[in-house]
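> model this:
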Amino acid sequence: MKNIKKIIQSAVAVAMACLLAGCETTGLSPRERSGVSYPNYILSLQSDGTNAPRKVITPIRLAVAQVGEAAPSDAMLNKLAASKTLVSSAFGLPLPGDEDNFRYYNRRNDPPEDYTGRIKAVRGLARAAGADYLFLCGGNIDSWQKRNPSAILDFTIIGGVVAPGTQIHVEGKGAGALIDVATGQPIIFVNAETNRSALSPDFLVDGKTTSMRVQARDELVGKLSDELLEKLTALTPTVTSITR
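The predicted model follows:
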């Protein structure tokens, strides 16, 4: 519990510093409390304290849940389900996010979120639907703008298009864990990140930033899916040789 509190306090401090610097931060989903929700879900998982190889027999029946979403994107589900030798079926499940940072700050004396209970509930849904494993994912998206000297020309449409005055930066990090539905044990951990920047006239910054954040989310989702499939591929021969 102390470790969880430290992570929450650190994440909130970073978020407040980011706001003061003009940076906007959300989770991988806009409804995920950045830096807090996904780590708390992962810290609530069961662990047997051993490094014994896991017996994963592919293809697996896979449930997928993204923090803050009613279901993960079709792009993720389709990519996972397309690898028939590793995943026989993939379907989405809901996983709630948390209240936003400001409401969290104002209600710091409220009871803590029951992440353990949420994990058990989504595992129960996955088991009832016939899944062997649950893939849980989340992350952070940071964006900020930096004005350059040509920003003085942004007061005209032509000037803004010819010499955009704002540099937009977007950075994202995603993470995911493959969880045994029956035991609640984490089997595989995956991570991904993305960085992108672009110039924009000041009067188009908001729309451009939103578009870049969406692109970053799509890229992270794709990278997490690819890494999960790669690790399943690498794990399967090892497990096969052990179980013979």
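> Can you point out the buried residues in whichever helix or strand N191 is part of?
Using DSSP states H and E, N191 sits in strand 186-200. Neighbour-count burial for strand 186-200, counted by 16 or more other Cβ atoms under 10 Å, picks out P186, I187, I188, V190, A192, T194, S200. C-beta coordinates here come from the backbone N, C-alpha and C atoms, glycine included.
> Roughly how far does the third one sit from E219?
So that's I188. 20 Å (Cβ to Cβ, to the nearest Å).
> go on, the fifth one?
Computed with Cβ to Cβ, the distance linking A192 and E219 is 8 Å.
> Now do the contacts for T58.
T85, L86, V87, L232, T236 (Cβ atoms under 8 Å, 6 or more residues apart in numbering).
> Identify the bridge partners of L134.
In this structure, L134 bridges to A63, I179 when assessed by DSSP bridges.
> Now flag whichever of the contacts of T58 is closest to R61.
V87 (7.9 Å; Cβ to Cβ).
> contact partners of stretch 217-224?
28-29, 72-73, 75-76, 79, 137, 139, 141, 172-176, 190-194.
> Can you tell me which of those are classed as buried?
28-29, 72-73, 76, 79, 137, 139, 141, 172-176, 190, 192, 194.
> among the residues you listed, which are in helices?
M76, K79 (DSSP state H).
> among the buried ones among the contacts of stretch 217-224, which are in strands?
Using DSSP state E, C137, G139, I141, G172, K173, G174, A175, G176, V190, A192, T194 are the members of these that sit in strands.
> which among those gets closest to R213?
I141 (5.5 Å).
> Give me the distance between that closest one and P186.
In terms of Cβ to Cβ, I141 sits 24 Å off from P186.
> Then C137?
In terms of Cβ to Cβ, C137 sits 13 Å off from P186.
> who touches both of those two?
Contacts common to C137 and P186, judged by Cβ under 8 Å, 6+ apart, are A177.
> all strands of the protein, in order?
So, for the chain - with DSSP E - the strands run 24-27, 60-66, 87-93, 133-147, 166-180, 186-200.
> Dump stretch 197-206 to CSV, keeping only the CA atoms.
C-alpha atoms of stretch 197-206 as CSV (Å, rounded to 0.1, in the frame of the first residue of the first chain):
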residue,chain,number,x,y,z
SER,A,197,6.5,16.6,-33.6
ALA,A,198,5.1,18.9,-36.3
LEU,A,199,4.8,22.6,-37.1
SER,A,200,1.5,24.4,-37.1
PRO,A,201,0.0,27.9,-37.4
ASP,A,202,-1.1,29.1,-34.0
PHE,A,203,-4.7,29.2,-35.0
LEU,A,204,-4.6,25.4,-35.9
VAL,A,205,-2.7,24.2,-32.9
ASP,A,206,-5.6,22.7,-31.0
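> Check what pLDDT the nearest residue to A192 once chain neighbours are set aside gets.
Distances taken as Cβ to Cβ, 6 or more residues apart in numbering place K223 nearest to A192, at 3.5 Å, with adjacent residues excluded. K223 carries a pLDDT value of 98.
> Tell me how many other residues crowd K223.
18 (other Cβ atoms under 10 Å).
> Low-confidence stretches in the protein?
The chain contains residues with pLDDT under 70 at 1-22, 47-54, 99-112, 148-164, 237-244.
> which one is the residue most central in space within it nearest to, not counting chain neighbours?
Centroid-nearest residue in the chain: G138, 2.1 Å away (criterion: Cα atoms, centre = their mean). Residue nearest to G138 in three dimensions, not counting chain neighbours: Y38, with 2.9 Å by Cβ to Cβ, 6+ apart.
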